[in-house]
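Participant: Just need the structure, nothing else, for what follows:
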Amino acid sequence: MLKGTKIYSIFKGVCPVCHGESMYEENNSYILNKIFKMHERCSLCNTKYKIEPSFFYGAMYVSYGVGIAFAVAAFIISYVFFGGGLMSSFLAIVGTLILMMPVIMRLSRNIWINIFMHYDKQKADY
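Facilitator: Numbering: from 1, shown residues only. Predicted coordinates:
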């Protein structure tokens, strides 16, 4: 349903050009020794993922914003919905950021590459 949109590519971690296959060698982001292992190119449309050396360093800036979003969500859930104090809310934020670190890192990479690459329906039809 959402195939062809940036949201689809960001949340699924698929090629930003054809949306045909995963960019990562391992789809499970919690296998920590393979969290950054990416295919060199898309086998369907031949898109090169690492546009230049150190391309994904920019994803560190995106991960800051994504981490803040997760932290705010953890705070609101723990403080507002569960009525916890500031210390329990702080612990909820720290716990959330530690547990969600692999997801935040992958999501940041997906957002970063989707800023520079766009869906191409012609390449997706192959």
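
Participant: And the residue nearest the centre of this protein?
Facilitator: Leu107 (0.9 Å; Cα atoms, centre = their mean).

Participant: Test my guess that that residue contacts Val66.
Facilitator: Yes - between Leu107 and Val66 there is a contact under Cβ atoms under 8 Å: 5.6 Å. For glycine as for every other residue, the C-beta is placed from the backbone atoms N, C-alpha and C.

Participant: Next, the contact list for the residue nearest to the centre of the chain, please.
Facilitator: Ile10, Phe11, Ser63, Val66 (Cβ atoms under 8 Å, 6 or more residues apart in numbering).

Participant: If you count neighbours, what's buried in stretch 89-101?
Facilitator: Using 16 or more other Cβ atoms under 10 Å as the test for burial, stretch 89-101 gives Ser89, Phe90, Ala92, Ile93, Thr96, Met100, Met101.

Participant: Which element, helix or strand, includes the fifth one?
Facilitator: In this assignment (DSSP states H and E), Thr96 forms part of helix 86-99.

Participant: After that helix, which helix or strand is next?
Facilitator: Using DSSP H and E, the helix or strand that directly follows helix 86-99 along the chain is helix 101-116.

Participant: Could you list the low-pLDDT ranges of the protein?
Facilitator: The chain contains residues with pLDDT under 70 at 1, 125-126.
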